[in-house]
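1. Need a 3D model of the sequence below.
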Amino acid sequence: MEHPRSLPEYILLPWSTSLEDPIILPDGRQLLTLKDAADYITKLPKTESDLPEWQTAIEVLVLCSRGGDPMLARIGVMKALNRQVERVFNPDRKEMHWGKRELKRNQ
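-> Just a heads-up that it's a prediction; the model follows:
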């Protein structure tokens, strides 16, 4: 009898599954497949791989190998790689367009 939590063979993704977009590492190398990402994480020092961001990336990689979307693995690894980058809102980045166009009904 099959274990109730085991997945059918056809759902499992091979570790050679390509990521939609490569992950570019700080040293310039690229992670192209689920296996590349898994190998990179397993080579991290234990103090770093124990961080919550990397633990999440590991969980998502395992999930993807069991039929999840490889984009989730890419997002997990990217979030872990960029965990120290703070996103700051820049109001000057985009020009405001409010009030510059006249509505057709007002012409």
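2. Can you pull out the low-pLDDT segments for this structure?
-> By pLDDT under 70, the weakly predicted segments of the chain are 1-10, 94-103, 107.
3. Other residues contacting the longest strand seen in the chain?
-> In the chain, taking DSSP state E as the definition, the longest strand is strand 18-24. Residues outside strand 18-24 that contact it (CB atoms under 8 Å, 6 or more residues apart in numbering): 30-34, 37, 70-71, 73-74, 77-78, 81. Placement of C-beta: from N, CA and C, glycine included.
4. switch to 10 Å and redo it
-> 29-34, 36-37, 40, 64, 69-71, 73-75, 77-78, 81 (CB atoms under 10 Å, 6 or more residues apart in numbering).
5. is it fair to say residue 35 lies in a strand?
-> No: secondary structure of residue 35 (DSSP: H, G, I helix; E, B strand; the rest coil): helix, not part of a strand.
6. Can you give me every residue that contacts it?
-> With CB under 10 Å, 6+ apart, residue 35 has these contacts: 14, 15, 16, 17, 61, 65.
7. Just say helix, strand or coil for the residue positioned nearest the centre of the chain.
-> Central residue of the chain (CA atoms, centre = their mean): residue 75, 1.1 Å from the mean position. Three-state call for residue 75 (three-state DSSP): helix.
8. and the nearest residue to it once chain neighbours are set aside, what element?
-> Residue nearest to residue 75 in three dimensions, not counting chain neighbours: residue 60, with 7.5 Å by CB to CB, 6 or more residues apart in numbering. With secondary structure defined by DSSP states H and E, residue 60 is part of helix 52-65.
9. Show me what that helix is packed against.
-> helix 34-42, helix 46-49, helix 70-81 (3 or more CB pairs under 10 Å, 6 or more residues apart in numbering; DSSP states H and E).
10. among the ones you listed, which is the most enclosed?
-> When you average the neighbours per residue for each of the helices and strands packed on helix 52-65 (mean count of other CB atoms under 10 Å), helix 70-81 leads with a mean of 19.
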